[in-house]
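Trainee: prediction below, plus the sequence it came from.
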Amino acid sequence: MEVERSRERRKHLAALRYETQRLDKEEKEHVFLPNTSSLTELQSQFDFSTGFQTSSRVIADPKPKTQVRKDPWLKKGLDLEWDDLNRQECMAELVLLLQHMQHEGISPQFEQGVAAEKMPSWMEALHRRMTAQTTGRNVLFFLARLVSNCQEVFQPYANFWLTPMLSIAVSPELQSLGINGLLNDITVTLLSWESIAIPKNAAIGVLAQRLINFFLENSWHRHRALLRHNLEMIRTIFATWKGCLTVPYRQIYEKFSKMNGETDDITIGIQLLGVVLASGLPPYDPACGIDRQRFFKALLKNLSETYSRKVYTAAAEVLGLVLQQLDSTDKEAQKEVENLVTVSLSNASDGIFVDCLNHIAQGYPPLIDRFCSRVLYLVPKLHGTLRTSCLELLAARPNCNPHLYEELQSRDLLGMLTHRDDNLQQVCLNLVKGLLPNLNPGQLLPLFPSLTSFLTHQSSACRRRAYDCLMWMYDTFWESNDETEVNESKRVFLQARDGLLQAVADEDPILQQTVRSFWDSEARMPVGTRERSLTLLSLNPRDIEQHFLPLGTGLLLGLAARSADFERPLFDQPISDNFFQEYEVNANWQYRSSMQTPHFVETQRSLASQTGFQSSTVHGSKRLQITQATFSFSSAQAPGSRSTYDWITGNTLDMTTIVSEDYPGKRQMGPSSALVLSPAHQHRLHPVPQNFGSTRLAAPDETDGAPQTDTQKRNLSWLKRRLTANDQSTRTYFARRELQRQKKNKDEQMRQKLQKEAGVTLYRLSHRRCT
């Protein structure tokens, strides 16, 4: 699994040459004839003894030459890892031979997922050699590598190869090397055969159990990437062979329950329990021989300041998953564990309390309701990341306290909105967005100065959240808009409208197109051209007059995009391929103002009887055509659909390809404490749904924070990757960072020294006159 340097990979191109060699042999075996010689042709030019001249003749070969069949897969070659087994002379040739037999139909062909009832004769010979007791270790490893290199060829016969491959995987000779590349590839090959064969019977189940126990025992590694890879392998084994394996809860318990054990052992035990939960397995089994309360108390002991942060944060995240799963399976056990967690967090210090509660809430947000008062108390007391985490907890459960808005106002919510910390501002905007359904217009008006200040904020993530709040206010209070009565609802509506009109000039193209699509919805703009024009004129945006003209023009012309003929080309063929003919123009005054024939839909035939318009050719009528104003068919485009689609360019801005500027908070930042539960990734803006804007925004529903079901297919080839252990580059990186830090400190000290020397201190001296 870990190599000291990047292992070389070579491409072997070993074409099967028997047809080419036969063709070359036929070309070389030719018969010499005098009349085919070039000398005969030269002599015939000077032979005057006969009445005719001899000439050379070309004798055609009655046998056509054999054409060489060029296989595309042979041209690509074979990419093999250049290890000791693949370096053998016959490995590449054997792999190419098996692939050739598969592509050419020499071996029996089966559909995907269909098991074969009998192996071919050549495969039976390999199977006998692998299962023989006298076969050497090197031969077994060679055959196992051959099967892993050609796993698609052997997949229909997985029922025959599952037992011998598992026997090699659990053999002491291979496991004595630890989790190595060959063991990893064999395991991935067996997992890829899940549609054909899984360890069902008891004998194969024992081998599979030995394999998973070996991975559990040797999963820890000092390199985080390799540790993550091993955990992902264990998770894949549990997910694939879930019904054939028994989770060794006692083995996991012994790891995370060590009182004076090393931090690495405790961490890997917590991570393994998280892997079990992520695979959909229960967190506890009474058959393990450990009391349930004792099991979870041992896990809760890790929520202590005696351990490092990576220990108690990982334990907190796993406890969140435990509560989430027990909430749907065992209510009694869930209440018991929740009470234990409550007691443990109540006795924790403020920093550990906020950190652990934040990680538990990722899996089980309802736990925040028990500590809402303490979190509110800590908001003005803490600073920096901990204050951001407290506000993040309140944003996850905005309904935990019916007077939450008043409590936050007394703790300077408006001041935190205008704080210069982007992370804190984004969390506050999320909190305000969650509180909007519980606020009345009188409570919303004081928020507008702070919200409108975000329209020119440098962070696009802050602007996006501010636009969401304004959109909700616009959709909520526009029905209560009364032209004859000036009330608080109308003021909220007008200020939200003005803010959204300013948002159309946003410098971010995605946010700009999102706001334009918001205005283009039928729920906010009439469909008729006249009604829409009057609505646009009534907006009267004085602050963005220079940006309102393209917006109004786009909203008016955007109605044309809803026509069924908008995407239809004007000409069926390119202009260069069209037929042109002269058009007879009748200059009579009676026909100067006659209406033209509609384009695309020939519904008017009255002009065909008029003079000058009756001549036609086989290529079509000579009538002028225009687009039709009203059609007898409905629009093919769904009205009111709002997204980032730009009807002018015909493109849709992909919001998933642009990395957002989300704050690096714990619930949304970087890698999670549990390595498998939340893999490291870049946060991206979520794509706008298809029905975005067609309906009014409503209050968000409360959810329990349950993660979505992973329906994507597992990419087993990812588990075959190799990771390079380059300690020298790591040391060089940190040494370079240390030098940069020292240089920065030295420059800062020099700057302070120069500032001190250049500073002038004024003193006021008082002189006494001595008499």
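Mentor: Yes, it's here.
Trainee: Thr342 is in contact with Arg370, isn't it?
Mentor: Yes: using Cβ atoms under 8 Å, Thr342 is in contact with Arg370, at 5.7 Å. In short, each C-beta sits where N, CA and C put it, glycine included.
Trainee: so between these two, which is more surrounded?
Mentor: Neighbour totals were compared for Thr342 and Arg370, and Arg370 leads with 16 against 13 (other Cβ atoms under 10 Å).
Trainee: what about that one, distance to Met525?
Mentor: As judged by Cβ to Cβ, to the nearest Å, Arg370 and Met525 stand 47 Å apart.
Trainee: and the strands in this structure?
Mentor: For the chain, the strands defined by DSSP state E cover 2-3, 9-12, 78-81, 597-599, 616-617, 620-621, 625-627, 645-646, 651-652, 723-724.
Trainee: which one of those has the lowest average pLDDT?
Mentor: Across those, strand 616-617 has the smallest mean pLDDT, namely a mean of 40.
Trainee: residue contacts, the closest residue to Leu429 other than its chain neighbours?
Mentor: Nearest residue to Leu429, sequence neighbours excluded (Cβ to Cβ, 6 or more residues apart in numbering): Arg465, at 3.8 Å. Arg465 makes contacts with Gln426, Leu429, Asn430, Lys433, Phe454, as judged by Cβ atoms under 8 Å, 6 or more residues apart in numbering.
Trainee: now with 7 Å?
Mentor: Shown in contact with Arg465 (Cβ atoms under 7 Å, 6 or more residues apart in numbering): Gln426, Leu429, Asn430, Lys433.
Trainee: so what's Pro62 scoring on pLDDT?
Mentor: Pro62 is assigned 43 on the pLDDT scale.
Trainee: please apply the same query to Thr329.
Mentor: For Thr329, the model assigns a pLDDT of 89.
Trainee: for burial, what's the neighbour tally of it?
Mentor: Thr329: 11 surrounding residues under other Cβ under 10 Å.
Trainee: what does the residue nearest to it when sequence neighbours are not counted show for phi and psi?
Mentor: Among residues not flanking Thr329 along the chain, Pro282 sits closest, at 7.1 Å (Cβ to Cβ, 6+ apart). Torsion angles at Pro282 (phi, psi; degrees, to the nearest 10) stand at phi -70, psi 150.
Trainee: so where's the chain shaky on pLDDT?
Mentor: Along the chain, segments meeting pLDDT under 70 span 1-77, 260-261, 480-486, 540-541, 543, 589-718, 721-727, 760-771.
Trainee: about what we covered before: what count of nearby residues applies to the residue nearest to Thr329?
Mentor: Neighbours around Pro282, by other Cβ under 10 Å: 15.
Trainee: do the one 3 residues further on as well
Mentor: If you count neighbours by other Cβ under 10 Å, Asp285 ends up with 17.
Trainee: equivalent analysis for Tyr733, please.
Mentor: By the criterion of other Cβ under 10 Å, Tyr733 has 11 neighbours.
Trainee: which residues does Leu166 contact?
Mentor: Counting by Cβ under 7 Å, 6+ apart, Leu166 makes contact with Leu190, Ile204, Leu207, Ala208, Leu211.
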